[in-house]
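1. after the sequence you'll find the predicted model.
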Amino acid sequence: MAVVNGEEREEMNRANEFVDSVGSKLVASLAGLGLAGFVIFHMLGNLQVFEGSDAINGYASFLHDMPILLWTARAGLLTAAAVHVGLTIRLALRNRRGRPVPYALRRYRAASVASRTMALTGSLLLAFIIFHLLHLTVGVIDPSAPDGMDVQGRLDVYGKIVHAFRNPLYVGIYVAGQLALGLHLSHAISSAFQTWGIEHAALDRLFKLAGPGVALFVVLGNLAIIFAVFLGWLHP
């Protein structure tokens with residue numbers, strides 16, 4: 001029976017920790033990409049507000065008329081969010097334990113603002129998502145918001161959106177949330193390609209621009225809805 005000495009055991013532990021760390025990064029990035037995909041489709045669906053109340057209310061009614069599919073999607077999103085947040089925190093704590101003494105001088109060089117603030121924007125984004133769910137989905141933050149039906153007996157989602165973004169306070173909160181979302185997406189999507197080893201000399205520039213491009217697309221779409229209501233372009 002082979003005897004494992006102290007050095008061999010330490011090397012095995014390091015190897016296991018490395019494999020676990022790489023696996024955690026892969027799973028966390030995959031969960032993050034799933035959440036990014038939802039954010040894109042969520043924004044595209046909400047853009048139907050520009051087609052009027054019938055379009056957005058019909059879209060919401062279509063989703064709620066399929067409860068099994070809707071709750072399966074919600075459960076999947078909740079699981080992806082929990083996995084992404086949990087593994088990200090775990091990796092951050094492991095990195096901190098690996099370097100208990102902080103750098104005497106931080107030199108970021110080519111590091112972007114988005115990459116340096118991932119922990120901050122991720123925390124702000126999580127807080128914003130909770131606020132958004134309590135505000136427009138559950139409806140407990142603003143008791144004055146309309147919770148009625150349209151002329152066809154469907155939940156008046158259009159009315160809730162218009163009511164919400166006529167209030168400067170909520171506009172400010174949602175704009176701040178979009179800034180956090182944009183910064184987080186900008187770095188997360190581009191770094192996911194590196195995490196999965198998807199690299200090609202001819203496509204590296206495209207991969208680097210993917211994150212900022214998607215982030216700008218999503219943020220501009222969401223801001224368009226917010227300011228269209230606030231400026232009076234969309235009204236009851």
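-> Received the coordinates, thanks. Numbering: from 1, shown residues only.

2. near residue 185, how many other residues are there?
-> By the criterion of other C-beta atoms under 10 Å, residue 185 has 28 neighbours. For every residue, glycine as well, the C-beta is placed using N, CA and C.

3. do the same with residue 180
-> Neighbour tally, residue 180, other C-beta under 10 Å: 21.

4. same thing with residue 96?
-> Residues near residue 96, counting by other C-beta under 10 Å: 10.

5. in a strand, that's where it is, yeah?
-> No - counting by DSSP: H, G, I helix; E, B strand; the rest coil, residue 96 is not part of a strand but helix.

6. what's near enough to touch it?
-> If a contact means C-beta atoms under 8 Å, 6 or more residues apart in numbering, then residue 96 has no contacts.

7. give me the nearest residue to residue 187, chain neighbours excluded.
-> Leaving aside its sequence neighbours, residue 187 sits nearest to residue 114 (C-beta to C-beta, 6 or more residues apart in numbering; 3.9 Å).

8. check which helix or strand that neighbour maps to.
-> helix 113-116 (DSSP states H and E).

9. just how off-centre is that helix within its chain?
-> Computed by C-alpha atoms, centre = their mean, to the nearest Å, the chain-centroid distance of helix 113-116 equals 16 Å.

10. ditto for stretch 129-148
-> 19 Å.

11. show me what counts as buried in it.
-> Buried residues in stretch 129-148, defined by neighbour count with 16 or more other C-beta atoms under 10 Å: 129, 135-136, 142, 145.

12. and of the residues you listed, the nearest to residue 209?
-> residue 129 (25.9 Å; C-beta to C-beta).

13. hang on, the earlier thing: burial count for the residue nearest to residue 187?
-> Residue 114 has 20 neighbours, counted by other C-beta under 10 Å.

14. how about residue 162?
-> Residue 162: 20 surrounding residues under other C-beta under 10 Å.

15. what about it, which helix or strand?
-> helix 157-164.

16. and the helix or strand following that helix, what's buried?
-> Using DSSP H and E, the next helix or strand after helix 157-164 towards the C-terminus is helix 168-195. Using 16+ other C-beta under 10 Å as the test for burial, helix 168-195 gives 170-171, 173-174, 177-193, 195.
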